[in-house]
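In: How does the following fold in three dimensions:
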Amino acid sequence: MQVHFIAIGGSAMHNLAIALSRKGYKVTGSDDEIVEPSKSRLDNEGILPDIIGWNDANIHSELGAVILGMHAREDNVELLKAKELGIPIFSYPEYLYEQSKNKIRIVIGGSHGKTTITSMLLHATKKIGINVDYMVGAQLDGYDCMVKLTDDAKFMVLEGDEYLSSPIDRRPKFHLYNPNVALISGIAWDHINVFPTFENYCEQFDIFCSLILPNGILIYNEEDVNVQLLGNKYASSLQTIPYKTPIFTPTLSGTMMEFNGQSFPLKIFGSHNLQNMVGAMFLAESMGIANQDFLTAMHDFTGAGKRLQKVVEDKDFTFFKDFAHSPSKLKATTSAIKQQYPTRKVIACMELHTFSSLNKEFLSHYKDTMLAADDAIVYFNPEVVAHKKLTPISAEDVLNGFGGNITVFDDSANFISYLYSEDWNNAILLLMSSGNFDGIDYKILGDKLIEKLG
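Out: Okay, here's the model as predicted:
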């Protein structure tokens, strides 16, 4: 099979390209820009395009499929040529389904926790020795590709993103997987540029549930009101399995989790992570993995990439970074840190970076989300707001949206100066963003703060 990727440089797209190349497919691709790490990773696999840019000569009758990325436009010359020649055109999620339609598909959906739950399940299957194919939304330690595709794996584990599939397919990605087993971790309004109301956003998860195959399984977080409604709705047509946060105790090295009268030591912490753990445990059970075996396998799991990741640590100072950017993620992560380190001063910093978070009308959804922190800081760059063509926001708008319990910065130099001026003895620094605070090198920052401690 020969396949061509239009927009091969994307984070997800280049991983699928690598997976297909490793499976023995002949892979070609194009893009108008390819940056690191995609560039080096494609080059190492021998599938980096020789020339940057679009060229309809890349499209020919020998292609078995064209895979179209979100970065491409509807009038892309290669896309038009593929249509003209009648070559099958797939979105990223459509092709993942094509590769897994004869497997048992396990799809993890939800506004938060998807990557963590997916990586938990993969960690357990790897340790226990179950061969699975997968697609996960972040680069994980111990894995050199986010996608694995084989002919012999019985299961396909898919992180179910609710964002759009392609420029010519406006369906959410997770609507295309038709799961045998599905999980919903929580519903908190996101992607407001695509889903204009919370009701419209919730509807996407309802549709997702309706697409679970007959006699399928829905595992759901019963502590989320909107997810509970879906669990109740589909109880008559599916096998439904609710889960909730287990009993646990913070420890110096992480957490001691209680389940069925047994104690299981874990390296992760935070009620949201323990809740994710139970959800992943029930997914594993659907694959034939006993609960005790799953929890035993998880004793050395340290977290998913960029999720509550420890940057540096000294005896009196620890610095974490986290991908948190939505209100629910922000609240869960900040609360988890304070719960784990109750006697330390927690300085939590969040960058408004996404379309939703920088939207003036959306800011009120962040009210009181950082109350658990001793010192809460919010940073935004007015130039990013302008680049996204959004209505300008002011420091006062942000302050009002969060409830007034924060310090606001709109200049990165002033923000960094503030961090350097703080006393980091017996303290925790938490930086939360889907970006990087306009180019902060987290490791250098952490080392300098430790150096300042002497």
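
In: Contact partners for residue 332?
Out: 112, 270-272, 324 (Cβ atoms under 8 Å, 6 or more residues apart in numbering). Bear in mind the C-beta positions are built from the backbone N, C-alpha and C, glycine included.

In: hey, where'd the strands end up in the stretch 251-400 of the chain?
Out: In order along the chain, the stretch 251-400 of the chain carries the following strands (DSSP state E, counting those that start in this stretch): 254-259, 262-266, 309-314, 317-322, 345-351, 375-379.

In: Just put these in CSV and tack on distance to residue 62, mean pLDDT and mean neighbour count.
Out: Compiled in CSV, the strands of the stretch 251-400 of the chain are given as follows (distance: least, Cβ to Cβ, whole Å; pLDDT from 0 to 100; neighbours: other Cβ atoms under 10 Å):
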stretch, distance to residue 62, mean pLDDT, mean neighbour count
strand 254-259, 53, 96, 18
strand 262-266, 51, 97, 16
strand 309-314, 44, 92, 15
strand 317-322, 45, 94, 23
strand 345-351, 46, 97, 24
strand 375-379, 51, 97, 23
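
In: want to throw those strands into a markdown table with distance to residue 72?
Out: Conversion of these to a markdown table gives the following (distance: least, Cβ to Cβ, whole Å):
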| stretch | distance to residue 72 |
| --- | --- |
| strand 254-259 | 43 |
| strand 262-266 | 42 |
| strand 309-314 | 32 |
| strand 317-322 | 31 |
| strand 345-351 | 28 |
| strand 375-379 | 32 |
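
In: Go through these and name the closest to residue 191.
Out: The closest approach between residue 191 and any of the strands of the stretch 251-400 of the chain, judged by Cβ to Cβ, belongs to strand 345-351 at 17.9 Å.

In: Next, the angle strand 375-379 makes with the closest one.
Out: Taking axes from the mean of the first three to the mean of the last three Cα atoms, to 10 degrees, strand 345-351 and strand 375-379 form an angle of 10 degrees between their directions.

In: what's strand 345-351 packed up against?
Out: helix 327-340, strand 375-379, strand 427-432 (3 or more Cβ pairs under 8 Å, 6 or more residues apart in numbering; DSSP states H and E).

In: still on that earlier bit, pull the most distant pair out of the contacts of residue 332.
Out: Farthest pair in the contacts of residue 332 (Cβ to Cβ) is 271 and 324. Separation: 14.4 Å.

In: rewinding a little: quick one, which of the contacts of residue 332 has the minimum pLDDT?
Out: When these are compared on pLDDT, residue 324 comes out least confident, at 82.

In: quick check: domain ranges of this structure?
Out: According to automatic domain parsing, the chain is divided into the following domains: 2-87, 95-300, 309-453.

In: Just give me how far the last one sits from the chain centre.
Out: Looking back up the chat, that one is domain 309-453. Its chain's C-alpha centre and that of domain 309-453 lie 19 Å apart, by Cα atoms, centre = their mean, to the nearest Å.

In: next one: the first one
Out: Relative to its chain's centre, domain 2-87 lies at 23 Å (Cα atoms, centre = their mean).

In: and it, how far apart are its ends?
Out: One end of domain 2-87 to the other measures 11 Å (Cα to Cα, to the nearest Å).

In: got it, and the last one?
Out: Counting by Cα to Cα, you get 21 Å between the two ends of domain 309-453.

In: The second one now?
Out: One end of domain 95-300 sits 33 Å from the other (Cα to Cα).

In: cool, and stretch 280-300?
Out: 15 Å.

In: gap between the closest residue in space to residue 214 that isn't next to it in sequence and residue 390?
Out: Excluding the flanking residues, the one nearest residue 214 by Cβ to Cβ, 6 or more residues apart in numbering is residue 237, at 7.9 Å. Taking Cβ to Cβ, to the nearest Å as the criterion, residue 237 is separated from residue 390 by 41 Å.

In: ranges for the helices of the stretch 201-350 of the chain?
Out: Assigned by DSSP state H, counting those that start in this stretch, the helices in the stretch 201-350 of the chain fall at 225-233, 271-286, 291-297, 327-340.

In: which residue is nearest the centroid of this structure?
Out: A centroid search over the chain (Cα atoms, centre = their mean) returns residue 115, at 4.5 Å, as the residue closest to the centre.

In: Name the SS class of residue 451, please.
Out: In the three-state summary, residue 451 is assigned as helix, counting by DSSP: H, G, I helix; E, B strand; the rest coil.

In: Use 32 as the first number for this chain going forward.
Out: Shifting the count to begin at 32 puts that one at residue 482.

In: residues near it, how many?
Out: Neighbour count for residue 482, taken as other Cβ atoms under 10 Å: 9.

In: Let me see the confidence value for it.
Out: Confidence at residue 482, expressed as pLDDT, is 91.

In: again with residue 401
Out: In the predicted model, residue 401 carries a pLDDT score of 96.

In: In contact with it, which residues?
Out: Contacts were defined as Cβ under 8 Å, 6+ apart; by that measure residue 401 touches 361-362, 365, 379, 381, 407, 409, 433, 436-437.

In: Contacts only, for the closest residue to residue 224 other than its chain neighbours.
Out: Excluding the flanking residues, the one nearest residue 224 by Cβ to Cβ, 6+ apart is residue 386, at 4.7 Å. The neighbours of residue 386, taking Cβ under 8 Å, 6+ apart as the test, are 222-224, 419, 421.

In: Perfect, that will be all.
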